[in-house]
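Test case, fold it:
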Amino acid sequence: MGFYKIMMMALTFFIVLAFIILNLYLFNAHVDVQSPPYDTISHKKTINKFARLDVACPFIIAVFNLLSGQFLGILIMAPALYFSVKRIISQQMYMDATTNYKRIKDEELISILKVINLFVAWIYILIKFILTLVKDI
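This is a model prediction of the structure:
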């Protein structure tokens, strides 16, 4: 049981790190569209390329936290889960070039909040991972 839990936590640790990098990349794409030249078509393609992964990321992390028995980790991911569910319900998963400027500030703020939330989850998983390793040795 201990080895399974350690492997799940290690996998979760690296997945959260990958999603932090993804959200920073998406934030950079949101910032780039606001500076000249205002190329909304390439911005739309960049954002839509990672839209499903961006929405699925909190759910994947929550499942891994559930599998490793970290229920506090699921609660830590609650704000990111909320933003993902909100995007799914309002059907705003994909960007449209015509409504791009109306949503860009909101998407930029959501990206920053997701990065902060993922960073807190990453620190939590790191601490729990170290404590589990020390306890099992």
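
How much space separates the closest residue to residue 92 other than its chain neighbours from residue 2?
With sequence-adjacent residues excluded and distances taken as Cβ to Cβ, 6 or more residues apart in numbering, residue 92 is closest to residue 103, at 7.2 Å. Where you see a C-beta, it was placed from the backbone N, CA and C, and this is true even at glycine. Distance, residue 103 to residue 2, using Cβ to Cβ, to the nearest Å: 46 Å.

Looking at these two, which has the bigger crowd around it?
residue 103 (15 against 11; other Cβ atoms under 10 Å).

what about the more buried one, distance to residue 12?
30 Å.

which strands and helices sit next to the longest helix seen in the chain?
Longest helix of the chain, by residue count under DSSP state H: helix 100-136. If you count contacts as 3 or more Cβ pairs under 8 Å, 6 or more residues apart in numbering; DSSP states H and E, helix 100-136 packs onto helix 2-32, helix 40-49, helix 51-67, helix 71-76, helix 78-89.

got the angle between the lowest-mean-pLDDT helix or strand in the chain and helix 2-32?
Using mean pLDDT, DSSP states H and E, the weakest-scoring helix or strand in the chain turns out to be helix 40-49, at a mean of 73. With axes from the mean of the first three to the mean of the last three Cα atoms, to 10 degrees defining the directions, helix 40-49 sits at 170 degrees from helix 2-32.

Quick one: list the elements packing against helix 40-49.
Using 3+ Cβ pairs under 8 Å, 6+ apart: helix 40-49 touches helix 2-32, helix 100-136.

TSV for these, including mean pLDDT and distance to residue 83?
Shown next, in TSV, are the helices and strands packed on helix 40-49 (pLDDT from 0 to 100; distance: least, Cβ to Cβ, whole Å):
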stretch	mean pLDDT	distance to residue 83
helix 2-32	84	11
helix 100-136	84	5
